[in-house]
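Student: how does the following fold in three dimensions:
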Amino acid sequence: MNPGADEICDGNDNDCDGEIDEDGETVYYADADGDGFGDLNNSVMACEPDDGYVANSDDCDDGESTVYPGADELCDNLDNDCNGTIDDDLTTV
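Tutor: All right, here's what the predicted structure looks like:
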């Protein structure tokens, strides 16, 4: 650690500027439903993601594991594929 040193993500102020890991942290988003897509409204800054956190914030319903961008649409009154339309292209009998 010294002024002019490169800041690395290690919990120390490597460049002596009073800030810790300012160049190494990334935003990670909570993935409460485990579908691999995170919640834009629930994030942390960290060097590496903890369990239950992912690097994307694309989930449109983090409480439902069958709802995420690109999911197959199911006839379940949910917008499974996050395109803004519920049960699109499906019909009920």
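Student: pLDDT score for Cys60?
Tutor: With respect to pLDDT, Cys60 has a value of 96.
Student: tell me the secondary structure of the residue nearest to Asp23 when sequence neighbours are not counted, please.
Tutor: Excluding its sequence neighbours, the residue lying closest to Asp23 (C-beta to C-beta, 6 or more residues apart in numbering) is Glu7, at 4.2 Å. For the C-beta atoms, the positions are set from N, CA and C on the backbone; glycine is no exception. Using DSSP: H, G, I helix; E, B strand; the rest coil, the structure places Glu7 in coil.
Student: how about the residue lying closest to Ala55 once chain neighbours are set aside: which residues does it bridge to?
Tutor: Nearest non-adjacent residue to Ala55, counting by C-beta to C-beta, 6+ apart: Tyr28, 6.0 Å away. When bridges are called by DSSP bridges, Tyr28 pairs up with Val44.
Student: I'd guessed Tyr28 sits against Asn42; true?
Tutor: No. Using C-beta atoms under 8 Å, Tyr28 makes no contact with Asn42, being 9.8 Å away.
Student: contact partners for the closest residue to Cys82 other than its chain neighbours?
Tutor: Nearest residue to Cys82 in three dimensions, chain neighbours excluded: Cys60, at 3.9 Å (C-beta to C-beta, 6+ apart). By C-beta atoms under 8 Å, 6 or more residues apart in numbering, the contact list for Cys60 reads Val67, Tyr68, Pro69, Asp79, Cys82.
Student: closest one to Asp35 out of these, please.
Tutor: The closest of those to Asp35 turns out to be Tyr68 (C-beta to C-beta; 4.6 Å).
Student: so what's Tyr68 up against?
Tutor: Tyr68 touches Asp35, Gly36, Phe37, Asp58, Asp59, Cys60, Asn80, Asp81, Cys82, counting by C-beta under 8 Å, 6+ apart.
Student: list only buried entries from those.
Tutor: Burial by neighbour count, judged by 16 or more other C-beta atoms under 10 Å, picks out Asp35, Phe37, Asp58, Asp59, Cys60, Asn80, Asp81, Cys82 from those.
Student: pull the most distant pair out of those residues.
Tutor: Within the buried ones among the contacts of Tyr68, Asp58 and Asn80 form the most distant pair, 13.5 Å apart (C-beta to C-beta).
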